[in-house]
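Asks: From the sequence below, what's the structure:
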Amino acid sequence: MVICVCGVPEEAWVRQDGRSHMDVDAAIVMDHLVLAATDEGLGTCWIAAFDPDAAREVFEVRPGEVPLLLTTLGHAADRPRPKERRSLASLVRRIR
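Replies: Numbers count the residues shown, from 1 in each chain. Next comes the predicted model:
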């Protein structure tokens, strides 16, 4: 399965300086979708490199909507390797 996350520019939250957060909100949606899928034992692959016009056609995107992100969703063909995670101390710097 492939899921398309779309945004509606006219409905997006806009900061006081005029910056639209449509892309940020779409990324949050995709992140939550990927986390939920993972929790259900499904695999995903976040895709941002695609032809928006082709996506509009394939996903029957309505006028005013913008296709922003895609993800595949399904059962992985193999098991992922164990993750090697960096320690929290190596990622976070305490500022005093």
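Asks: Can you tell me what sits against the longest helix anywhere in the chain?
Replies: Ordering each helix of the chain by length in residues (DSSP state H) puts helix 22-39 first. Applying CB atoms under 8 Å, 6 or more residues apart in numbering, the contact partners of helix 22-39 are 3, 5-9, 12-13, 43-44, 46, 66, 68-69, 71, 73. (C-beta placed from N, C-alpha, C; glycine too.)
Asks: Can you flag the buried ones in those?
Replies: 3, 5-7, 12, 43-44, 66, 68-69, 71 (16 or more other CB atoms under 10 Å).
Asks: which one among the residues you listed gets closest to residue 83?
Replies: Closest approach to residue 83 among the buried ones among the contacts of helix 22-39 (CB to CB): residue 43, at 14.2 Å.
Asks: measure that closest one to residue 2 for me?
Replies: 13 Å (CB to CB, to the nearest Å).
Asks: now the spatially most central residue of the chain: how far from residue 2?
Replies: Centroid-nearest residue in the chain: residue 30, 2.9 Å away (criterion: CA atoms, centre = their mean). As for residue 30, its distance to residue 2 is 13 Å (criterion: CB to CB).
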